[in-house]
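A.B. asks: pasted the sequence and its predicted model underneath.
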Amino acid sequence: MVRIIGFKRREKEDGTPFFTLELQGGVEMVKSLETGQFYATAKKANVTSTFDEATCKALIGSEMPGKIVKKVVEPYSYVVKETGEELVLNHRWIFVPEGDEETIQDEAIDQLMANPSSFSRNGQQELAEQAI
(Lines give C-alpha, C1' and ligand atoms only; values in the text may rest on other atoms or scores of the structure.)
Protein backbone atom coordinates (compact mmCIF):
# COMPACT_ATOMS: atom_id res chain seq x y z
CA MET A 1 0.00 0.00 0.00
CA VAL A 2 1.04 3.57 -0.64
CA ARG A 3 -0.34 6.74 0.87
CA ILE A 4 -0.99 10.09 -0.78
CA ILE A 5 1.02 12.56 1.32
CA GLY A 6 0.80 15.70 -0.78
CA PHE A 7 0.45 17.27 -4.21
CA LYS A 8 2.18 19.82 -6.41
CA ARG A 9 0.93 22.23 -9.04
CA ARG A 10 2.79 21.95 -12.33
CA GLU A 11 2.44 23.51 -15.77
CA LYS A 12 2.44 21.95 -19.22
CA GLU A 13 4.61 23.46 -21.93
CA ASP A 14 1.65 25.59 -23.05
CA GLY A 15 1.17 26.96 -19.51
CA THR A 16 -1.90 24.86 -18.65
CA PRO A 17 -1.81 23.86 -14.97
CA PHE A 18 -2.13 20.30 -13.68
CA PHE A 19 -1.45 18.54 -10.38
CA THR A 20 0.79 15.64 -9.40
CA LEU A 21 0.14 13.49 -6.34
CA GLU A 22 3.04 12.69 -4.02
CA LEU A 23 2.95 9.05 -2.91
CA GLN A 24 4.87 7.39 -0.09
CA GLY A 25 5.41 3.69 0.54
CA GLY A 26 5.64 1.99 3.92
CA VAL A 27 8.47 2.38 6.40
CA GLU A 28 11.60 0.38 5.56
CA MET A 29 14.71 -0.22 7.63
CA VAL A 30 17.96 0.31 5.71
CA LYS A 31 21.50 -0.32 6.92
CA SER A 32 23.90 2.59 6.41
CA LEU A 33 26.97 1.72 4.33
CA GLU A 34 29.00 4.30 6.26
CA THR A 35 28.05 3.61 9.88
CA GLY A 36 26.53 0.12 9.75
CA GLN A 37 23.54 1.44 11.72
CA PHE A 38 19.93 1.02 10.60
CA TYR A 39 17.69 3.95 9.79
CA ALA A 40 14.03 4.27 8.85
CA THR A 41 13.07 5.55 5.42
CA ALA A 42 10.24 5.37 2.89
CA LYS A 43 10.23 5.47 -0.90
CA LYS A 44 8.43 8.36 -2.58
CA ALA A 45 7.11 8.90 -6.09
CA ASN A 46 4.98 11.44 -7.95
CA VAL A 47 2.18 10.60 -10.38
CA THR A 48 0.29 12.95 -12.64
CA SER A 49 -3.44 13.39 -12.13
CA THR A 50 -6.51 14.89 -13.75
CA PHE A 51 -7.74 16.27 -10.41
CA ASP A 52 -8.22 19.88 -9.41
CA GLU A 53 -6.56 21.37 -6.32
CA ALA A 54 -9.55 20.78 -4.03
CA THR A 55 -9.70 17.09 -4.96
CA CYS A 56 -5.95 16.70 -4.43
CA LYS A 57 -6.26 18.25 -0.95
CA ALA A 58 -9.14 15.89 -0.11
CA LEU A 59 -7.10 12.85 -1.22
CA ILE A 60 -4.22 13.47 1.21
CA GLY A 61 -4.09 10.52 3.62
CA SER A 62 -5.82 8.13 1.20
CA GLU A 63 -4.19 4.76 0.58
CA MET A 64 -3.93 2.85 -2.68
CA PRO A 65 -2.88 -0.75 -3.35
CA GLY A 66 0.52 -0.93 -5.02
CA LYS A 67 4.17 -0.17 -4.38
CA ILE A 68 6.97 2.18 -5.30
CA VAL A 69 9.84 0.62 -7.25
CA LYS A 70 13.12 1.77 -8.75
CA LYS A 71 13.17 2.12 -12.55
CA VAL A 72 16.42 2.54 -14.49
CA VAL A 73 16.30 5.52 -16.88
CA GLU A 74 18.70 7.57 -18.98
CA PRO A 75 21.14 9.50 -16.74
CA TYR A 76 20.02 12.97 -15.63
CA SER A 77 21.32 15.72 -13.33
CA TYR A 78 19.80 16.35 -9.92
CA VAL A 79 20.73 19.12 -7.47
CA VAL A 80 20.42 18.41 -3.74
CA LYS A 81 18.50 21.44 -2.40
CA GLU A 82 20.11 21.38 1.04
CA THR A 83 23.75 21.27 -0.13
CA GLY A 84 23.68 22.46 -3.76
CA GLU A 85 25.56 19.30 -4.74
CA GLU A 86 24.84 18.15 -8.30
CA LEU A 87 24.40 14.41 -8.80
CA VAL A 88 23.96 12.33 -11.94
CA LEU A 89 21.26 9.72 -11.38
CA ASN A 90 20.13 6.87 -13.62
CA HIS A 91 16.96 5.83 -11.84
CA ARG A 92 13.58 7.15 -10.76
CA TRP A 93 11.06 5.87 -8.23
CA ILE A 94 7.73 4.98 -9.86
CA PHE A 95 4.34 3.80 -8.57
CA VAL A 96 3.18 0.37 -9.76
CA PRO A 97 -0.47 -0.50 -9.01
CA GLU A 98 -1.22 -3.83 -7.35
CA GLY A 99 -1.78 -6.51 -9.98
CA ASP A 100 0.71 -4.97 -12.40
CA GLU A 101 3.66 -6.97 -11.04
CA GLU A 102 4.39 -8.57 -14.43
CA THR A 103 5.43 -5.10 -15.61
CA ILE A 104 8.04 -4.98 -12.83
CA GLN A 105 9.29 -8.45 -13.75
CA ASP A 106 9.48 -7.56 -17.47
CA GLU A 107 11.46 -4.39 -16.68
CA ALA A 108 13.84 -6.31 -14.40
CA ILE A 109 14.52 -8.79 -17.20
CA ASP A 110 15.02 -5.94 -19.69
CA GLN A 111 17.52 -4.29 -17.33
CA LEU A 112 19.42 -7.55 -16.85
CA MET A 113 19.53 -8.20 -20.60
CA ALA A 114 20.71 -4.65 -21.27
CA ASN A 115 23.74 -5.12 -19.02
CA PRO A 116 26.18 -7.59 -20.64
CA SER A 117 28.49 -7.41 -17.60
CA SER A 118 25.83 -9.40 -15.73
CA PHE A 119 26.93 -12.48 -17.62
CA SER A 120 30.17 -14.42 -17.67
CA ARG A 121 32.13 -14.11 -20.90
CA ASN A 122 34.34 -17.11 -20.19
CA GLY A 123 31.96 -19.60 -18.57
CA GLN A 124 33.41 -19.17 -15.07
CA GLN A 125 30.74 -18.41 -12.50
CA GLU A 126 32.95 -16.52 -10.04
CA LEU A 127 33.82 -13.87 -12.65
CA ALA A 128 30.15 -13.39 -13.51
CA GLU A 129 29.36 -12.83 -9.83
CA GLN A 130 32.14 -10.24 -9.53
CA ALA A 131 30.71 -8.26 -12.44
CA ILE A 132 27.36 -7.78 -10.73
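C.D. replies: Now that the structure is in, tell me what you want to look at. Worth saying up front: this structure is predicted, and the values here are computed from it rather than measured.

A.B. asks: show me the shaky parts of the protein.
C.D. replies: 101-132 (pLDDT under 70).

A.B. asks: try it again with 90
C.D. replies: Low-confidence segments of the chain (pLDDT under 90): 32-34, 78, 80-82, 99-132.

A.B. asks: just the helices in it please.
C.D. replies: In the chain, the helices defined using DSSP state H lie at 53-59, 101-114, 125-131.

A.B. asks: centroid residue for the protein?
C.D. replies: By CA atoms, centre = their mean, the chain has its centre lying nearest to Trp93, at 0.8 Å.

A.B. asks: quick one, what contacts the residue nearest to it when sequence neighbours are not counted?
C.D. replies: Of all residues not flanking Trp93 in the chain, Ala45 sits nearest, at 4.5 Å (CB to CB, 6 or more residues apart in numbering). To be clear about C-beta, it is placed using only N, CA and C from the backbone, and glycine gets the same treatment. Contacts were defined as CB atoms under 8 Å, 6 or more residues apart in numbering; by that measure Ala45 touches Val2, Glu22, Leu23, Ile68, Arg92, Trp93, Ile94, Phe95.

A.B. asks: who's Ala45 bridged to?
C.D. replies: Beta-bridge pairing for Ala45 (DSSP bridges): Leu23.
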